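Asks: give the three-dimensional model of this entry:
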Amino acid sequence: MNEENLRKIQAITEAALLAAGKPLSVDQLRDLFEEGERPARQVMEHVLLLLEQSCQGRGFELKKIASGYRLQVREEFAPWVGRLFEEKPQRYSRALLETLALIAYRQPITRSEIEDIRGVTVSSNIVRTLLEREWVRVVGHRDVPGRPAMYATTRQFLDYFNLEGLDQMPPLSEIRDLEEIGREIEKNMQAEIEFDSPARSTGGNGEDSNPDNAPEQTLH
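Replies: Modelled structure (predicted):
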(Lines give C-alpha, C1' and ligand atoms only; values in the text may rest on other atoms or scores of the structure.)
Protein backbone atom coordinates (compact mmCIF):
# COMPACT_ATOMS: atom_id res chain seq x y z
CA MET A 1 0.00 0.00 0.00
CA ASN A 2 1.42 3.38 -1.00
CA GLU A 3 2.10 6.26 1.35
CA GLU A 4 -0.85 8.33 0.13
CA ASN A 5 -3.32 5.55 0.97
CA LEU A 6 -1.72 5.08 4.39
CA ARG A 7 -2.10 8.81 5.13
CA LYS A 8 -5.76 8.66 4.12
CA ILE A 9 -6.45 5.64 6.35
CA GLN A 10 -4.62 7.37 9.19
CA ALA A 11 -6.73 10.52 8.78
CA ILE A 12 -9.96 8.48 8.71
CA THR A 13 -8.84 6.56 11.80
CA GLU A 14 -8.01 9.76 13.67
CA ALA A 15 -11.36 11.31 12.74
CA ALA A 16 -13.24 8.20 13.86
CA LEU A 17 -11.45 8.06 17.23
CA LEU A 18 -12.13 11.75 17.83
CA ALA A 19 -15.82 11.38 16.98
CA ALA A 20 -16.50 8.06 18.71
CA GLY A 21 -16.12 9.24 22.30
CA LYS A 22 -15.24 5.67 23.27
CA PRO A 23 -12.48 3.15 22.54
CA LEU A 24 -12.56 1.43 19.15
CA SER A 25 -11.01 -1.94 18.39
CA VAL A 26 -8.96 -2.74 15.30
CA ASP A 27 -11.92 -4.64 13.84
CA GLN A 28 -14.30 -1.74 14.49
CA LEU A 29 -11.92 0.60 12.72
CA ARG A 30 -11.57 -1.77 9.77
CA ASP A 31 -15.37 -2.03 9.52
CA LEU A 32 -15.55 1.70 8.75
CA PHE A 33 -14.31 0.92 5.25
CA GLU A 34 -16.22 -0.67 2.40
CA GLU A 35 -15.29 -4.28 1.78
CA GLY A 36 -13.31 -3.51 -1.36
CA GLU A 37 -11.15 -0.86 0.34
CA ARG A 38 -10.97 -2.39 3.83
CA PRO A 39 -7.35 -2.45 5.06
CA ALA A 40 -5.91 -5.71 6.33
CA ARG A 41 -5.47 -6.07 10.08
CA GLN A 42 -1.71 -5.74 9.73
CA VAL A 43 -2.12 -2.51 7.76
CA MET A 44 -4.54 -1.08 10.34
CA GLU A 45 -2.15 -1.91 13.17
CA HIS A 46 0.63 -0.17 11.25
CA VAL A 47 -1.62 2.89 10.76
CA LEU A 48 -2.30 3.00 14.50
CA LEU A 49 1.44 2.94 15.13
CA LEU A 50 1.87 5.86 12.72
CA LEU A 51 -0.93 7.73 14.48
CA GLU A 52 0.67 7.10 17.87
CA GLN A 53 3.96 8.49 16.57
CA SER A 54 2.23 11.56 15.13
CA CYS A 55 0.90 12.39 18.62
CA GLN A 56 4.41 12.78 20.02
CA GLY A 57 4.93 16.27 21.44
CA ARG A 58 1.21 17.06 21.32
CA GLY A 59 -1.32 17.56 24.11
CA PHE A 60 -3.07 14.26 23.43
CA GLU A 61 -2.00 10.67 22.89
CA LEU A 62 -3.25 7.46 21.35
CA LYS A 63 -3.80 5.00 24.17
CA LYS A 64 -4.35 1.26 23.84
CA ILE A 65 -6.62 -0.13 26.53
CA ALA A 66 -8.71 -3.25 27.06
CA SER A 67 -11.52 -2.27 24.66
CA GLY A 68 -9.29 -0.94 21.92
CA TYR A 69 -7.76 2.47 21.15
CA ARG A 70 -8.75 6.00 22.10
CA LEU A 71 -7.38 9.52 21.79
CA GLN A 72 -7.09 11.24 25.15
CA VAL A 73 -5.50 14.23 26.83
CA ARG A 74 -2.08 13.49 28.26
CA GLU A 75 -2.10 13.14 32.03
CA GLU A 76 0.39 15.96 32.59
CA PHE A 77 -2.08 18.47 31.12
CA ALA A 78 -4.97 17.44 33.39
CA PRO A 79 -4.59 20.45 35.78
CA TRP A 80 -5.16 22.91 32.93
CA VAL A 81 -7.83 21.02 31.01
CA GLY A 82 -9.71 20.33 34.24
CA ARG A 83 -10.33 24.08 34.63
CA LEU A 84 -12.72 23.89 31.67
CA PHE A 85 -15.21 22.12 33.92
CA GLU A 86 -17.11 23.94 36.63
CA GLU A 87 -17.54 20.90 38.83
CA LYS A 88 -14.60 19.49 40.77
CA PRO A 89 -13.49 15.93 40.03
CA GLN A 90 -15.55 13.42 41.92
CA ARG A 91 -14.02 11.91 45.02
CA TYR A 92 -14.60 8.45 46.38
CA SER A 93 -14.72 7.12 49.90
CA ARG A 94 -11.83 5.18 51.31
CA ALA A 95 -14.24 2.31 51.88
CA LEU A 96 -15.15 2.13 48.19
CA LEU A 97 -11.52 2.38 47.05
CA GLU A 98 -10.42 -0.38 49.41
CA THR A 99 -13.33 -2.60 48.33
CA LEU A 100 -12.49 -2.03 44.66
CA ALA A 101 -8.80 -2.75 45.32
CA LEU A 102 -9.63 -6.03 47.04
CA ILE A 103 -11.86 -7.13 44.17
CA ALA A 104 -9.16 -6.21 41.64
CA TYR A 105 -6.38 -8.09 43.43
CA ARG A 106 -8.29 -11.00 44.97
CA GLN A 107 -10.92 -11.73 42.32
CA PRO A 108 -13.13 -13.62 42.34
CA ILE A 109 -14.05 -12.63 45.88
CA THR A 110 -17.27 -12.55 47.90
CA ARG A 111 -18.61 -9.71 50.00
CA SER A 112 -18.05 -11.63 53.23
CA GLU A 113 -14.42 -12.31 52.24
CA ILE A 114 -13.94 -8.56 51.67
CA GLU A 115 -15.44 -7.87 55.08
CA ASP A 116 -13.13 -10.42 56.73
CA ILE A 117 -10.08 -8.67 55.27
CA ARG A 118 -11.22 -5.09 55.94
CA GLY A 119 -12.65 -5.89 59.36
CA VAL A 120 -15.83 -3.86 58.78
CA THR A 121 -19.16 -4.37 57.03
CA VAL A 122 -19.27 -3.48 53.34
CA SER A 123 -22.22 -1.21 52.67
CA SER A 124 -24.74 -2.37 50.08
CA ASN A 125 -24.44 1.11 48.57
CA ILE A 126 -20.77 0.51 47.82
CA VAL A 127 -21.47 -2.74 46.01
CA ARG A 128 -24.35 -1.15 44.12
CA THR A 129 -22.19 1.82 43.09
CA LEU A 130 -19.44 -0.44 41.74
CA LEU A 131 -22.00 -2.51 39.83
CA GLU A 132 -23.76 0.57 38.43
CA ARG A 133 -20.47 2.02 37.22
CA GLU A 134 -19.80 -1.38 35.63
CA TRP A 135 -16.39 -1.60 37.30
CA VAL A 136 -17.29 -4.98 38.82
CA ARG A 137 -19.68 -7.78 37.95
CA VAL A 138 -20.95 -11.03 39.42
CA VAL A 139 -19.01 -13.91 37.89
CA GLY A 140 -20.50 -16.80 39.85
CA HIS A 141 -21.48 -18.00 43.29
CA ARG A 142 -19.28 -19.61 45.94
CA ASP A 143 -20.24 -23.24 46.59
CA VAL A 144 -20.93 -22.72 50.30
CA PRO A 145 -24.17 -22.31 52.28
CA GLY A 146 -26.07 -19.29 50.96
CA ARG A 147 -24.12 -19.38 47.68
CA PRO A 148 -22.76 -15.80 47.98
CA ALA A 149 -22.00 -13.88 44.80
CA MET A 150 -18.40 -13.67 43.65
CA TYR A 151 -17.21 -10.35 42.22
CA ALA A 152 -14.56 -9.55 39.62
CA THR A 153 -13.52 -6.47 37.69
CA THR A 154 -14.73 -5.69 34.16
CA ARG A 155 -13.37 -4.42 30.85
CA GLN A 156 -14.83 -1.01 31.79
CA PHE A 157 -12.64 -1.03 34.91
CA LEU A 158 -9.57 -1.62 32.75
CA ASP A 159 -10.61 1.10 30.30
CA TYR A 160 -11.17 3.67 33.07
CA PHE A 161 -7.72 3.12 34.50
CA ASN A 162 -5.94 3.01 31.12
CA LEU A 163 -5.06 -0.67 31.43
CA GLU A 164 -4.89 -3.32 28.73
CA GLY A 165 -5.07 -6.11 31.29
CA LEU A 166 -4.84 -6.90 34.99
CA ASP A 167 -1.18 -7.81 34.55
CA GLN A 168 -0.46 -4.06 34.23
CA MET A 169 -1.56 -3.42 37.82
CA PRO A 170 1.25 -2.91 40.36
CA PRO A 171 2.30 -6.19 42.02
CA LEU A 172 0.95 -6.55 45.53
CA SER A 173 4.51 -6.99 46.75
CA GLU A 174 5.14 -3.34 45.84
CA ILE A 175 2.15 -2.06 47.83
CA ARG A 176 2.25 -1.96 51.61
CA ASP A 177 -1.43 -1.85 52.52
CA LEU A 178 -5.00 -1.30 51.34
CA GLU A 179 -4.88 2.41 52.07
CA GLU A 180 -1.90 2.79 49.73
CA ILE A 181 -3.78 0.88 47.01
CA GLY A 182 -6.76 3.16 47.53
CA ARG A 183 -4.64 6.28 47.22
CA GLU A 184 -3.09 4.99 43.98
CA ILE A 185 -6.54 4.21 42.53
CA GLU A 186 -7.87 7.63 43.51
CA LYS A 187 -4.83 9.35 41.97
CA ASN A 188 -5.57 7.58 38.69
CA MET A 189 -9.22 8.62 38.93
CA GLN A 190 -8.40 12.29 39.46
CA ALA A 191 -6.02 12.27 36.50
CA GLU A 192 -8.76 11.02 34.17
CA ILE A 193 -10.01 13.77 31.85
CA GLU A 194 -13.68 13.59 30.90
CA PHE A 195 -14.63 15.30 27.65
CA ASP A 196 -18.35 15.23 28.43
CA SER A 197 -19.87 17.22 31.29
CA PRO A 198 -18.92 15.47 34.53
CA ALA A 199 -21.74 13.46 36.06
CA ARG A 200 -23.24 15.02 39.14
CA SER A 201 -22.52 13.32 42.41
CA THR A 202 -25.53 11.74 44.09
CA GLY A 203 -23.77 11.92 47.44
CA GLY A 204 -23.69 9.54 50.37
CA ASN A 205 -23.78 6.30 48.42
CA GLY A 206 -20.52 4.87 49.64
CA GLU A 207 -20.35 5.06 53.39
CA ASP A 208 -19.96 1.98 55.50
CA SER A 209 -19.62 1.37 59.21
CA ASN A 210 -16.04 2.70 59.23
CA PRO A 211 -16.24 6.21 60.72
CA ASP A 212 -13.05 7.27 58.93
CA ASN A 213 -15.00 7.52 55.68
CA ALA A 214 -17.85 9.78 56.60
CA PRO A 215 -16.50 13.33 56.43
CA GLU A 216 -14.49 13.33 53.23
CA GLN A 217 -16.07 11.64 50.23
CA THR A 218 -19.10 11.40 48.02
CA LEU A 219 -19.78 8.69 45.47
CA HIS A 220 -21.48 8.33 42.14
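
Asks: distance between the ends of stretch 50-62?
Replies: Taking C-alpha to C-alpha, to the nearest Å, the first and last residues of stretch 50-62 lie 10 Å apart.

Asks: contacts for that stretch?
Replies: Stretch 50-62 has contacts (C-beta atoms under 8 Å, 6 or more residues apart in numbering) with 6, 10, 13-14, 17, 48, 69-74, 77. No exception for glycine: its C-beta is placed from N, CA and C like everyone else's.

Asks: would you map the strands across the chain?
Replies: With DSSP state E, the ranges of strands along the chain come out as 60-65, 68-73, 109-110, 136-141, 149-153.

Asks: indicate which one of these is closest to Gly21.
Replies: strand 68-73 (8.7 Å; C-beta to C-beta).

Asks: just checking, what packs against that closest one?
Replies: helix 3-20, helix 26-30, strand 60-65 (3 or more C-beta pairs under 8 Å, 6 or more residues apart in numbering; DSSP states H and E).

Asks: by contact count, what packs against the first one?
Replies: Using 3+ C-beta pairs under 8 Å, 6+ apart as the contact criterion, the neighbours of helix 3-20 among helices and strands are helix 41-54, strand 68-73.

Asks: tell me the most buried of those?
Replies: Most buried of the helices and strands packed on helix 3-20 by mean neighbour count (mean count of other C-beta atoms under 10 Å) is strand 68-73; its value is a mean of 20.

Asks: and the angle from it to helix 41-54?
Replies: Per axes from the mean of the first three to the mean of the last three C-alpha atoms, to 10 degrees, the angle that strand 68-73 makes with helix 41-54 is 10 degrees.
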